[in-house]
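Novice: Here is my input; please provide its structure:
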Amino acid sequence: MNTPSQPDKPFTPQTGETQGVLPEDMETLMHVISHDLRAPIVTIQGFCQELTMACDRLKTLFEEEAMSDSIREHVNPLVMQDIPEAVRFIRAGADSVNTVTSGILRFIRLGQIDIQWERLDVNRLMMGIVSSLEFQLKQKGVVLHIGDLPDCMGDEVLVTQVFANLIDNGQKYLEPSRPGEITISGKMVDGWSAYAITDNGVGIPEEQHARIFQVFHRLSPRHGKGEGLGLAIVQRIIDRHQGKIEVESLPGKGTTFHVYFPRVIDVEEGEQHES
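Specialist: Numbering: from 1, shown residues only. This is a model prediction of the structure:
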């Protein structure tokens with residue numbers, strides 16, 4: 001495995017002058033996704049609900065009304081199985097498209113959001129993340145080990161999303177032959193707060209290390225649902241913070257994500273961010 005390297009450039013907070021602006025083609029794409037694509041999806045979902053209610057009414061009538069055995073024999077499979085199954089497939093397809101379009105919008109908007117820089121207590125932040133994921137982790141029997149984590153500078157909502165996505169990614173790709181464990185540690189490295197999120201899951205082949213951060217790339221679709229945007233969003237958020245993320249992994253041995261955020265500096269005393 002390669003030794004992770006810290007960011008090699010000095011940290012300079014982004015100003016509001018360059019944030020909140022999207023190229024014209026991105027604005028157009030957001031409009032198309034928000035309106036031209038999502039509107040028919042909502043329509044399909046709505047009519048799926050209508051068809052489901054209609055099937056329920058037909059089932060009731062079918063059970064209550066007297067009819068010949070011949071008619072009942074032909075109608076029964078349609079009302080009880082064929083139509084409901086078709087509706088389920090239509091709804092699943094519409095939900096899938098809706099999930100992807102929502103993910104694309106989130107990804108694009110990350111370039112539009114102003115970073116709300118503040119000092120972050122990452123230990124407190126992590127407690128909230130673990131609380132929100134507690135049910136999923138317990139259900140899968142995953143044990144979390146969390147060390148004392150250094151503070152960092154960043155946007156609380158976005159930094160929370162980074163850690164939540166990485167922990168969720170770890171619990172998705174467990175190795176079935178052993179109990180799941182996720183370890184989160186941190187340390188100060190020059191002008192950066194360095195965090196390591198380590199799991200003992202299935203691991204990632206070396207040839208896929210770079211591709212896992214690409215939009216829509218999924219290591220293994222059989223490991224749960226998703227639109228394949230989680231790690232792409234993580235990368236984009238870290239880029240917005242001028243930080244860095246690297247992966248160490250071997251198949252069958254687990255994965256470690258190394259994340260760097262700017263460290264906390266006492267700006268009230270006039271100190272500057274260091275490289």
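
Novice: only C-alpha atoms for contact and neighbour calcs from this point on.
Specialist: Will do.

Novice: ok, which stretches of this protein are helices?
Specialist: 24-31, 38-64, 69-77, 83-109, 122-140, 156-172, 230-240 (DSSP state H).

Novice: hey, least reliable of those helices by pLDDT?
Specialist: If you rank the helices of the chain by mean pLDDT, helix 24-31 sits at the bottom with a mean of 61.

Novice: quick one: I115 from R240, how far?
Specialist: Distance, I115 to R240, by CA to CA, to the nearest Å: 8 Å.

Novice: give me every residue that touches the closest residue to T183 other than its chain neighbours.
Specialist: Spatial nearest neighbour of T183, excluding adjacent residues (CA to CA, 6 or more residues apart in numbering): H145 at 4.5 Å. Contact partners of H145, counting by CA atoms under 8 Å, 6 or more residues apart in numbering, are 181-184.

Novice: farthest pair in the residues you listed?
Specialist: E181 and I184 (10.1 Å; CA to CA).

Novice: Return every residue with contacts to both of these two.
Specialist: With CA under 8 Å, 6+ apart, E181 and I184 have common neighbours 144-145.

Novice: what are the phi and psi angles of P176?
Specialist: Dihedral pair for P176: phi -60, psi -20, per degrees, to the nearest 10.

Novice: give the contact list for it.
Specialist: Per CA under 8 Å, 6+ apart, neighbours of P176: none.

Novice: what's the distance between it and G252?
Specialist: 10 Å.

Novice: Also F47?
Specialist: 45 Å.

Novice: V143 too?
Specialist: V143 is 18 Å from G252, by CA to CA.

Novice: got it, and A232?
Specialist: 23 Å.

Novice: And K140, by the same measure?
Specialist: According to CA to CA, K140 stands 18 Å off from G252.

Novice: Contacts only, for the spatially most central residue of the chain.
Specialist: Closest to where the C-alpha atoms of the chain average out (CA atoms, centre = their mean) is G230, at 3.5 Å. Residues in contact with G230, defined by CA under 8 Å, 6+ apart, are 165, 169.

Novice: Recalculate using a threshold of 7 Å.
Specialist: For G230, the contacting residues are N165, by CA atoms under 7 Å, 6 or more residues apart in numbering.

Novice: Just the terminal-to-terminal distance for stretch 136-146.
Specialist: OK, stretch 136-146 end separation, CA to CA: 17 Å.

Novice: Give me the buried positions along that stretch.
Specialist: For stretch 136-146, a neighbour-count test (16 or more other CA atoms under 10 Å) marks 137, 142, 144, 146 as buried.

Novice: Equivalent analysis for stretch 120-129, please.
Specialist: 120, 122, 125-126, 129.

Novice: quick one: which of those is nearest E65?
Specialist: Taking those together and measuring to E65 by CA to CA, the closest member is I129, at 53.8 Å.

Novice: Now that closest one: closest residue in space that isn't a chain neighbour?
Specialist: A164 (6.0 Å).

Novice: got it, and I245?
Specialist: Nearest to I245 is V259, by CA to CA, 6+ apart, at 4.5 Å.

Novice: need the contact list for T255.
Specialist: 198-201, 203-204, 248-249.

Novice: just those: which has the poorest pLDDT?
Specialist: I204 (89).

Novice: So it sits against S249, correct?
Specialist: Yes - I204 is within contact range of S249, at 5.5 Å (criterion: CA atoms under 7 Å).

Novice: So which bits of stretch 92-99 are buried?
Specialist: 94-98.

Novice: meant to ask about stretch 46-58
Specialist: Buried, per 16+ other CA under 10 Å, within stretch 46-58: 48, 52, 55.

Novice: what does that stretch rub up against?
Specialist: 79, 84, 87, 91.

Novice: What is the neighbour count of the third one?
Specialist: Okay, so that is V87. 19 (other CA atoms under 10 Å).

Novice: List the contacts of it.
Specialist: Counting by CA under 7 Å, 6+ apart, V87 has contacts C48.

Novice: Kind regards, and thank you for your time.
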